[in-house]
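Asks: Requesting a structural model of the entry that follows:
(chains A and B)
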Protein chains: 2
Amino acid sequence: MITHIEGGITAPAGFRAAGVHCGIKANPEKLDLALLVSDLPATAAAVFTTNLAVAPPVIVSRDHLHATRGHARAVVVNSGCANACTGDQGRQVAHLMAAETARAIDCDLEEVIVMSTGVIGVQLDPRTVTHGIIAATDVLSVDGHMRCAQAIMTTDPFPKERAVEVTTTRGTFRIGGICKGSGMIEPRMATMLGVLTCDAAVSPVLLQRVLSEVTEHTFNAITVDGECSTNDCVALLANGASGVTIGEADLPLFSDALYEVCKFLSTEIVRGGEGATKLVTVQVTGARSYDEAKQAARAIANSLLVKTAIHGGDPNWGRLVAVAGRAGVGFDLQAAAVRIGDVVLFEGGRPFDERAPQAAAYLQRKDITVGVDLGTGGTHEATMWTCDLSEEYVQINAEYRT
Amino acid sequence: MITHIEGGITAPAGFRAAGVHCGIKANPEKLDLALLVSDLPATAAAVFTTNLAVAPPVIVSRDHLHATRGHARAVVVNSGCANACTGDQGRQVAHLMAAETARAIDCDLEEVIVMSTGVIGVQLDPRTVTHGIIAATDVLSVDGHMRCAQAIMTTDPFPKERAVEVTTTRGTFRIGGICKGSGMIEPRMATMLGVLTCDAAVSPVLLQRVLSEVTEHTFNAITVDGECSTNDCVALLANGASGVTIGEADLPLFSDALYEVCKFLSTEIVRGGEGATKLVTVQVTGARSYDEAKQAARAIANSLLVKTAIHGGDPNWGRLVAVAGRAGVGFDLQAAAVRIGDVVLFEGGRPFDERAPQAAAYLQRKDITVGVDLGTGGTHEATMWTCDLSEEYVQINAEYRT
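Replies: Model prediction:
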């Protein structure tokens, strides 16, 4: 059984967290350094950005997980500066963040995962971040989960945390998580970052397998503006403090519980997307393969014309057909179908435009589902979550940085 | 020698054109049916949308060009209704448009090219369009070029026409053209359509080869919103009225002249893009292949964050790096470079953010060039044209259709 509980990232036993302001952000009320520590040795898995302009903290974290073969004790995150496109100097600072954290909590350098989010192309001051790490270590606690969630925010309109308790015949364990993300980059950069904890014991191999799988259907199934950042990263630490060990037989339940946390967190990112007023679920069916279903869902979820139509409450199904037809996947116009909510507006090659008012009424809701069947006769499907595109998105991102 | 001349689509000898209002658009002052006729038999070539949700007029035109092996006498275009996603009934009306035009000007059915642009999923009234074809035939003239250009407009803020005269040792010939396009689809649909004329004699095979090549670097190198419509089409008729015949040796000059016309027309589409305030030239260099260069240029040209930054006059080079890194092409961060105008802001893995004010001043212009070198050591390059993304684009496309 999977139950939602309070406590966010420190709901699982044996984790402490903190969030402090150390001066990376100018406003002293904005937290800008987050620290998560596992009191026990923990296995760890992570998924990273596929962007080739990869930021130094991502390189450092990837190297560390490789060196420890999937173990970690701490995650240190700064916001307000992405430490991306910063060359040798940037790599030194990312390394320093791991070294200072290792010294502060007394673990190996390689047991620290480093994340950064904020402005690209600006150097991160090593003294500021060192101060922050020492200050955060001093206030680490089980109650620090919300400040930890706040300290990783950039343009996010609200902090995002979630925890669940999982009851099995062999005991109870918990999964918790935080994330941030709102658009892609500065001036109001908001790369996607996520930190997840679990107090079950899970082998590094299983942990990575489940995290990769769940991420594909949650964090990798959302879009705000189609931009993939230089710093995207999700890490999961499992410390075994609950006394429950996850084996192959428990994987479906473990995976379901992790999915619950990740789906909540990832859709919260979309709800808090820059300028967003609606959460839109895009369901594609009738595809020849899962990859094609996802490709079509992604094209629809990123379509400016679909996103603006939904913003305006316009049941403009022709735009959904047009995107599906250009998505580069198998598509048969005669067998395709489009629905907005439960209202079918196109089917059998024929429009049902007289149903538009019904669909328009549905589009007044905050949570919208649109469905496209590609009509190939295939049985594969995929879901993506996106938000509408408003004038406010343009305003946020057109503003001059300085 | 290639010289710009007046006269648009009827500047080449032996072509007449017309534009009328027949009632497809509600406003009687808006022209909605365009007709172009070649007085002599002409060879013809065309490029069509790659969208799988292809509209009936595109299917009819493709079939006709195939049946005649690249010949045509007329192009008939209606605006205000795309005749797309309209099933059997839509196919009958597209066929009827060709048949009525053939009867009116006395040519074979298959010698007529049909185009439609406007709202998707709405049926085109056969009587209205028949009236329009008869009325347009009555007023066909060499002076009708501008009304012809106006009659294919949807949300376009201005008509687009261009003509050049080409002087060769063997005589003088002319190329003319019109086009329309502003966004993708309704409520303010504006699929991309283009009609080109030439009074040189060119074999169908050569005509198609040059048109495809030139289109790749002009009409297929622009983007307003990343949406590919169900009706996109460019057709070129060559009637030989000038007495000049284009052979293999003349191809470079012919190609240059056609490029001049198509580049002008295609960048006019971008200048008139929905909500556009700037024309942005995206130059990608240092790619491993032309396809990769174009793919990267396309990704940059469609990036919401790049387009909003340019709208706001923000020299936000980090966004260009981030897009290049996620474009799915070869990219080396250490060797990559980014420039805005002539101002290099990133090179050798290092930011030059102190030059940002210089770049910000440059971004106040109406015509902007941004350059990204992918740093692969390859010598391939590509150019795309795009516009900025403004609040007005969202307003235009969020409005309810009815």
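Asks: What parts of the stretch 201-350 of chain A come near chain B?
Replies: A:225-230, A:302-305, A:308-309, A:311-314, A:316-319, A:321-326, A:331-333, A:336, A:346, A:348-350 (Cβ under 8 Å from any Cβ of the partner chain). To be clear about C-beta, it is placed using only N, CA and C from the backbone, and glycine gets the same treatment.
Asks: Sitting in strands, which of these do you find?
Replies: A:346, A:350 (DSSP state E).
Asks: Pull out the buried residues from the residues of the stretch 201-350 of chain A next to chain B.
Replies: With burial judged by 16 or more other Cβ atoms under 10 Å in any protein chain shown, the buried subset of these is A:225-230, A:302-305, A:308-309, A:311-314, A:316-319, A:321-326, A:331, A:333, A:336, A:346, A:349.
Asks: Who are the packing partners of the one helix or strand residue A:76 maps to?
Replies: Assigned by DSSP states H and E, residue A:76 belongs to strand A:71-81. The helices and strands touching strand A:71-81, judged by 3 or more Cβ pairs under 8 Å, 6 or more residues apart in numbering or on different chains; DSSP states H and E, are strand A:33-48, helix A:87-105, strand A:112-119, helix A:126-138, strand A:193-198, strand A:233-238.
Asks: Just say which of those is most tucked in.
Replies: Compared across the helices and strands packed on strand A:71-81, strand A:193-198 shows the largest average neighbour count, a mean of 31 (mean count of other Cβ atoms under 10 Å in any protein chain shown).
Asks: Identify the residue nearest the geometric centre of chain A.
Replies: residue A:219 (4.2 Å; Cα atoms, centre = their mean).
Asks: how about it, what does it touch?
Replies: Each residue near residue A:219 by Cβ atoms under 8 Å, 6 or more residues apart in numbering or on different chains is listed here: A:47, A:179, A:192, A:194, A:234, A:262, A:265-266.
Asks: JSON lines for the residues you listed, including pLDDT?
Replies: Converted to JSON lines, these look like this (pLDDT from 0 to 100):
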{"residue": "A:47", "pLDDT": "84"}
{"residue": "A:179", "pLDDT": "82"}
{"residue": "A:192", "pLDDT": "72"}
{"residue": "A:194", "pLDDT": "77"}
{"residue": "A:234", "pLDDT": "79"}
{"residue": "A:262", "pLDDT": "87"}
{"residue": "A:265", "pLDDT": "86"}
{"residue": "A:266", "pLDDT": "84"}
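Asks: Identify the farthest-apart pair in those.
Replies: The largest separation in those, counting by Cβ to Cβ, is between A:47 and A:265 at 13.6 Å.
Asks: Quick check, residue A:221 in contact with residue A:293.
Replies: No. Using Cβ atoms under 8 Å, residue A:221 makes no contact with residue A:293, being 11.0 Å away.
Asks: More neighbours: which of the two?
Replies: Each of residue A:221 and residue A:293 has its neighbours counted (other Cβ atoms under 10 Å in any protein chain shown); residue A:293 has more, 27 against 24.
Asks: Counting neighbours, which bits of the longest helix belonging to chain A end up buried?
Replies: Taking DSSP state H as the criterion, chain A has its longest helix at helix A:251-271. Using 16+ other Cβ under 10 Å as the test for burial, helix A:251-271 gives A:253-255, A:257-271.
Asks: Provide the count of other residues in contact range of the residue in the stretch 101-250 of chain A positioned nearest to chain B.
Replies: Closest contact between the stretch 101-250 of chain A and chain B, by Cβ to the nearest Cβ, is at residue A:120 (3.0 Å). Per other Cβ under 10 Å, the neighbour tally for residue A:120 reads 30.
Asks: So in terms of bridging, what pairs with residue A:166?
Replies: Taking DSSP bridges, one obtains residue A:2, residue A:173 as the residues bridged to residue A:166.
Asks: Mutual contacts of residue A:221 and residue A:293, please.
Replies: Counting by Cβ under 8 Å, 6+ apart, the contacts common to residue A:221 and residue A:293 are residue A:382.
Asks: Domain-wise, how is chain A divided?
Replies: Annotated domains of chain A cover A:2-272, A:279-399 [the TED database].
Asks: how about the ones you listed, which one is nearest residue B:380?
Replies: Here domain A:2-272 is closest among these (Cβ to Cβ), at 17.1 Å.
Asks: end-to-end on the closest one?
Replies: 25 Å (Cα to Cα, to the nearest Å).
Asks: And it, how far out from the chain middle?
Replies: In terms of Cα atoms, centre = their mean, to the nearest Å, the centre of domain A:2-272 is found 10 Å from the chain centre.
Asks: I figured residue A:133 was touching residue A:97, is that so?
Replies: Yes. Contact status for residue A:133 versus residue A:97: in contact at 6.9 Å, counting by Cβ under 8 Å.
Asks: shared neighbours of those two, anything?
Replies: residue A:76.
Asks: related to what we said a few turns ago, pLDDT score for the closest residue to the residue of the stretch 101-250 of chain A closest to chain B other than its chain neighbours?
Replies: Distances taken as Cβ to Cβ, 6 or more residues apart in numbering or on different chains place residue B:318 nearest to residue A:120, at 3.0 Å, with adjacent residues excluded. On pLDDT, residue B:318 comes in at 85.
Asks: I'd say residue B:318 and residue A:121 touch.
Replies: Yes. Under the criterion of Cβ under 8 Å, residue B:318 makes contact with residue A:121 at 4.6 Å.
Asks: list residues touching both of those two?
Replies: Common neighbours of residue B:318 and residue A:121 (Cβ under 8 Å, 6+ apart) are A:84-85, B:346.
Asks: got the buried residues for stretch A:386-393?
Replies: When neighbours are counted by 16+ other Cβ under 10 Å, the buried residues of stretch A:386-393 are found to be A:386-391, A:393.
Asks: when you compare where the longest helix of chain A runs with where strand A:193-198 runs, what's the angle?
Replies: 150 degrees (axes from the mean of the first three to the mean of the last three Cα atoms, to 10 degrees).
Asks: Format the CA atom coordinates belonging to helix A:251-271 as PDB.
Replies: Taking C-alpha atoms only, helix A:251-271 is exported to PDB below (Å, rounded to 0.1, in the frame of the first residue of the first chain):
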ATOM      1  CA  LEU A 251      10.400  -3.900  -7.700                       C
ATOM      2  CA  PRO A 252       6.900  -3.400  -9.000                       C
ATOM      3  CA  LEU A 253       5.700  -1.900  -5.700                       C
ATOM      4  CA  PHE A 254       8.900   0.100  -5.300                       C
ATOM      5  CA  SER A 255       8.600   1.400  -8.800                       C
ATOM      6  CA  ASP A 256       4.900   2.400  -8.300                       C
ATOM      7  CA  ALA A 257       5.800   4.300  -5.100                       C
ATOM      8  CA  LEU A 258       8.700   6.100  -6.800                       C
ATOM      9  CA  TYR A 259       6.400   6.900  -9.700                       C
ATOM     10  CA  GLU A 260       3.800   8.400  -7.300                       C
ATOM     11  CA  VAL A 261       6.500  10.800  -5.900                       C
ATOM     12  CA  CYS A 262       8.000  11.600  -9.300                       C
ATOM     13  CA  LYS A 263       4.700  12.100 -11.100                       C
ATOM     14  CA  PHE A 264       3.500  14.500  -8.400                       C
ATOM     15  CA  LEU A 265       6.800  16.400  -8.400                       C
ATOM     16  CA  SER A 266       7.100  16.600 -12.200                       C
ATOM     17  CA  THR A 267       3.500  17.800 -12.800                       C
ATOM     18  CA  GLU A 268       4.100  20.400 -10.100                       C
ATOM     19  CA  ILE A 269       6.900  21.700 -12.200                       C
ATOM     20  CA  VAL A 270       4.500  22.100 -15.100                       C
ATOM     21  CA  ARG A 271       1.800  23.700 -12.900                       C
END
